[in-house]
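Chemist: Give the three-dimensional model of this entry:
(2 chains)
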Amino acid sequence: MSKNIRNFSIIAHIDHGKSTLADRLLEYTGALSEREMMEQVLDSMDLERERGITIKAHSVRLNYKSDDGNDYILNLIDTPGHVDFSYEVSRSLASCEGALLVVDASQGVEAQTLANAYLAVEHNLEIIPVINKIDLPAADPAKTKDQIEDAIGIDCTEAILASAKEGIGTKEILEAIVKKIPSPKGGDEKPLKALLFDSWFDNYQGVIVLVRVFDGKVMPGKKIKLMAAGNVFEVSQVGTFTPKMQQTDELASGEVGYIIAGIKSVHDTKIGDTITDADIPAAEPCPGYKDIKPMVFCGFYPTIPHQYENLRDALNKLRLNDSSFSYEPETSLALGFGFRCGFLGLLHMEIIQERLEREFDLSLLSTAPTVVYRVTNAKGEVSHIENPALLSEKYEMIEEPFVIVTILVPKDYIGPILDLCQEKRGTQRSFTFIGKDRIKIEYELPLNEILWDFYDRLKSLSKGYASMDYDFLGYRESDLVKLNILLNGEIVDALSLIVHKDKAYYKGRQLTEKLREIIPRQMYEVVIQAAIGSKVIARESVRALRKDVLAKCYGGDITRKRKLLEKQKEGKKRMKQVGRVELPQEAFLAVLKVK
Amino acid sequence: MPEFLYIHIPFCIKKCIYCDFLSFPYDESLARKYIDALCMELILKKDSAKALKTIYIGGGTPSVLPEENLIQLFRCLRDNFKFFPIEITVEANPGTISESNIITLLYLGVNRISIGVQSFNDDELKTLGRIHTSEEAAKSISIIKEAGIRNFSIDLIYGIPGQTLETWEETLSKAISLSPTHISSYELTPEKGTPLYGMIKSKNIQMPDEGLVIDMYNYAIDYLVSNGYEHYEISNFALPGFRCIHNLNYWDWGEYIGAGAGAHSFIRGYRSRNTDDISRYIEDLNKNIIPEIESVEIKCEDAIKEFIFLGLRKTEGISIMKTEELGLNIPDACKELIDEGYVKVSDNYLSLTRKGLVISNTIIVRLFEKLRL
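Modeler: Next comes the predicted model:
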């Protein structure tokens, strides 16, 4: 049976047409009638559709009758398309035997295409190059093929020319999947071994896990064990997505589908874990499991104090579906009660914040994102600092996370980008030409430096042509100091940050200036200071508001004047009262605006 | 039913750089059509007023109108409204004031003139784009006084680019030497869309330092009060018994009828306004249609807000008893503001202190917050 199964993923850079291609494959194989077809079915969350990116992986089973006369089951395993979710991508790829490498013929190879293609190569996947968007006037398939051959080393002579939007090449792609991608190996008779590559919480069914079965079979009634977590559950239902959820009798080796087993929380179902038979366990789990930890942290505070409970409930609900996100209650002297939240990366953070505000109707104030620092004290004890305010004055050593950043850029823009990497404390690791006019550079950089404005500046320095990807390298010792911001002599903990010593003065000056611009004049003078320890390194002040009065108010403009006051009041409502100072939300993100 | 009528005359010889009132260059035939339309509007509105306590003819520059226009307007008023001449004000600008038109106004029953002097410094008058000199202003005032009108008000502006505390003192001193019964002293405010606003944006002109402007404001209050004028509203001063009854009605949250292009009315809880488009104004009224383009009901909370922010413009403030009737707990809400010296309570009235007056918007917004409005 499994010789007629093909498990594959689609890898592509954002906007290179992955979701549209998935739609065409679904349509062509009749998985959904046209009437049922919604644009980009796989991206089910609103947010995903709006941003045009895929956040959670999904799988769909397609039935396809090939030109060779046989019926095939094609399992399309969707992958998240953003660098923050690279581990999830790797687990999805580990569930496949092949991948479609989709490259936009008008854009060429991008950093993420590379990163994911390398991942696919690492997993020994059969890669089928698809040159997409050939209908665009700017399409240059020949050049795109050269780039793929050059950068990834894949033979492109048989690359498929397609336009997912126009439905060109769909059949060729399906045939190539059948012919080129190997059928799954493994045996139904062996002990159960299934890779968990996605899970989510459903209000009615509890946790649903998506698996790729490598060996053995799983069916209702079976006792299964999650090898890394060590928990045992009894299977109540198995099935596949077509893309509608469809119950089946069993999932056999080579198959992809879902398992429901009375699991209460997604925290028990870590992505990359191996599901086996509790009674006859597999000898080895699937390779590559990692317990992934949040890399980026920020504080979330309700702007209206009485929303604290609602925020907690909302965070709890979101975590049901997202095991890579964490939160803990935190108290700030300045902001009151809130939560310190951890994310895989900046995009992940933005998504969560947006969902909290949109789906739960909360008004949030977020502090500037920070990385996790590793601090060793005199006694040799190591602690992890997720909030700069909590860094003590005395310690032996402080380390920060470093990443290796891969950037692809047309050669005309390379100069300023090298400067940018230098400015961000980067060390160059490699510099290679891809084709005649594109360059791939690799830099080791502190994660902290790429959190702030790196991506935006990269984009603007290259007129949008540069793309990047990064991978975690490890912790390294750095000469870091804590920079405190004081308002009228009081430290505002939510504004503290950890910076490199060489940049502290510059940052302190920039930050106080920025805050002076952002903080509106109030009834009292506001003195803004930046300090390292007790040493003040920069000072600015916002003069007290001295005059705020309507000179004239007669019959004609009463409504207008009332609206003016209401506008002023609305502006005030969005402020956070810190001591006697009212701070707008931007103040907490001012640090992001400082170069 | 309203007892206060405002009439707008949207014509000037030349528009000043800071003015954002509705006004067009004076044109004889347009003015004639306009007065015809205005009279039609008054006729259409005659039943919505009780006997009028005040009539206020503002602009623009009502004094640009030829005598026959004024006579026509007042004849229409006499024919359609009942009124006792408690206060009938006409705005007039130096350069358009002559013995004969003042005598006409007097004859028509006008008993109060408000003169737009703005400054007694010729450089400042030039900066503002006024058409007259300080001498002409003084001359106009003597014409008014000689005609026997004792009740007149002088409008002044401070915070003019180039103005110093000394020139402001001179302007004020000259003003009171002419013994007006009333002085309005406005801070020059660059409104969006005015030439002044554009000149500031393009850095062709620089507004005076904020500290200086505050000094000017405080000086005016001290100086005028020491000369017997009562400071009764943020920008208004009057000798005892000469407060402007018409304007007090706005701050007392009273009803009023407006007539003319761009004029506003407040009747039975609705604030409405006429079109700004003078040709449409004339066309509509030629078809017996009131050219109202907007009418908004001022509901509960907005009404309370209006009552507070209008009332606090007056130095006597708002009656706490009245706020209790509205269900507000003013003493509670104002505790902090009283401690900080921005508002005060005396004789059961809540009012802004001098310190509070200059930042009254901020204080009122804080008060709204405390009152959960």
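Chemist: Counting neighbours, what do you get for B:Asn204?
Modeler: The number of residues packed around B:Asn204, counting by other C-beta atoms under 10 Å in any protein chain shown, is 11. C-beta here means a position set from N, CA and C on the backbone, and glycine is covered the same way.
Chemist: So it versus chain A, what's the distance?
Modeler: Relative to chain A, B:Asn204 is positioned 22 Å away (C-beta to the nearest C-beta, to the nearest Å).
Chemist: Find the residue closest to B:Glu292 in space, skipping its chain neighbours.
Modeler: Excluding the flanking residues, the one nearest B:Glu292 by C-beta to C-beta, 6 or more residues apart in numbering or on different chains is B:Ser272, at 5.2 Å.
Chemist: List the contacts of the one you found.
Modeler: Contacts for B:Ser272 (C-beta atoms under 8 Å, 6 or more residues apart in numbering or on different chains) come out as B:264-266, B:292, B:294-296.
Chemist: same thing but at 6 Å, please
Modeler: For B:Ser272, the contact set (C-beta atoms under 6 Å, 6 or more residues apart in numbering or on different chains) comprises B:265, B:292, B:295.
Chemist: ok, of these, which one's closest to A:Leu25?
Modeler: B:Ser295 (58.7 Å; C-beta to C-beta).
Chemist: A:Asp557 versus the closest one, what's the distance?
Modeler: Relative to A:Asp557, B:Ser295 is positioned 16 Å away (C-beta to C-beta, to the nearest Å).
Chemist: neighbour count winner among the two?
Modeler: Using other C-beta under 10 Å as the criterion, B:Ser295 and A:Asp557 rank with A:Asp557 on top: 18 against 11.
Chemist: got the contact list for the nearest residue to the more buried one once chain neighbours are set aside?
Modeler: Leaving aside its sequence neighbours, A:Asp557 sits nearest to B:His264 (C-beta to C-beta, 6+ apart; 7.9 Å). The contact partners of B:His264, taken as C-beta under 6 Å, 6+ apart, are A:555-556, B:258, B:273.
Chemist: top of those residues by neighbour count?
Modeler: B:Gly258 (27 neighbours).
Chemist: Now do the phi/psi pair for A:Leu589.
Modeler: phi -110, psi 10 (degrees, to the nearest 10).
Chemist: quick one: secondary structure of the nearest residue to it once chain neighbours are set aside?
Modeler: Spatial nearest neighbour of A:Leu589, excluding adjacent residues (C-beta to C-beta, 6+ apart): A:Ala368 at 5.7 Å. Assigned by DSSP: H, G, I helix; E, B strand; the rest coil, the conformation of A:Ala368 is coil.
Chemist: correct me, but A:Ala368 touches A:Ala590?
Modeler: No. Look at A:Ala368 against A:Ala590 with C-beta atoms under 6 Å: they stay out of range, at 8.0 Å.
Chemist: more neighbours, those two?
Modeler: A:Ala590 (23 against 20).
Chemist: secondary structure element for the residue lying closest to the more buried one once chain neighbours are set aside?
Modeler: Nearest residue to A:Ala590, sequence neighbours excluded (C-beta to C-beta, 6+ apart): A:Lys514, at 4.5 Å. Assigning secondary structure by DSSP states H and E places A:Lys514 in helix A:501-518.
Chemist: Show residues contacting that helix.
Modeler: Contact with helix A:501-518 is made by A:479, A:481, A:483, A:499, A:528, A:530, A:532, A:537-538, A:540, A:542, A:586-587, A:590, A:593-594, as judged by C-beta under 6 Å, 6+ apart.
Chemist: Could I get the buried residue list for it?
Modeler: Neighbour counts over helix A:501-518 (16 or more other C-beta atoms under 10 Å in any protein chain shown) mark A:503-504, A:507-516, A:518 as buried.
Chemist: between the helix or strand that it is followed by and helix A:501-518, how big is the angle?
Modeler: Helices and strands here follow DSSP H and E; after helix A:501-518, the next one along the chain is strand A:526-532. Using axes from the mean of the first three to the mean of the last three C-alpha atoms, to 10 degrees, the inter-axis angle of strand A:526-532 relative to helix A:501-518 is 170 degrees.
Chemist: Can you give the distance of strand A:526-532 from its chain's centre?
Modeler: The chain centre lies 34 Å from the centre of strand A:526-532; the measure is C-alpha atoms, centre = their mean, to the nearest Å.
Chemist: Tell me which other helices or strands that strand touches.
Modeler: Using 3 or more C-beta pairs under 6 Å, 6 or more residues apart in numbering or on different chains; DSSP states H and E as the contact criterion, the elements in contact with strand A:526-532 are strand A:480-487, helix A:501-518, strand A:535-542.
Chemist: So A:Arg61 belongs to a helix, correct?
Modeler: No. A:Arg61: not assigned to a helix; according to three-state DSSP it is strand.
Chemist: Now do it: how many residues are near it, please.
Modeler: A:Arg61 has 21 neighbours, counted by other C-beta under 10 Å.
Chemist: Does it touch A:Met245 like I think?
Modeler: No. Using C-beta under 6 Å, A:Arg61 is not in contact with A:Met245, being 10.8 Å away.
Chemist: quick revisit: from the contacts of B:His264, which land in strands?
Modeler: By the criterion of DSSP state E, membership of these in strands covers B:258, B:273.
Chemist: Among the contacts of B:His264, which one sits closest to A:Ile77?
Modeler: A:Ile77 has its nearest neighbour among these in B:Arg273, at 63.5 Å by C-beta to C-beta.
Chemist: Let me see the contact set for the closest one.
Modeler: By C-beta under 6 Å, 6+ apart, B:Arg273 lies in contact with B:264, B:294.
Chemist: is it in a bridge, and if so with what?
Modeler: B:His264, B:Glu294 (DSSP bridges).
Chemist: same question, A:Ile259
Modeler: The partner list for A:Ile259 in beta bridges (DSSP bridges) reads A:Val209, A:Val238.
Chemist: all strands for the stretch 51-200 of chain A, in order.
Modeler: Secondary structure of the stretch 51-200 of chain A (DSSP state E, counting those that start in this stretch): strands located at A:59-65, A:71-77, A:98-104, A:126-132, A:160-161, A:193-202.
Chemist: mind checking which of the ones you listed is nearest chain B?
Modeler: Of all the strands of the stretch 51-200 of chain A, strand A:193-202 sits nearest to chain B, with 38.8 Å by C-beta to the nearest C-beta.
Chemist: Give me the sheet partners of that closest one and which way each runs.
Modeler: Applying DSSP bridges, strand A:193-202 is found paired with strand A:206-215 (antiparallel), strand A:274-277 (antiparallel).
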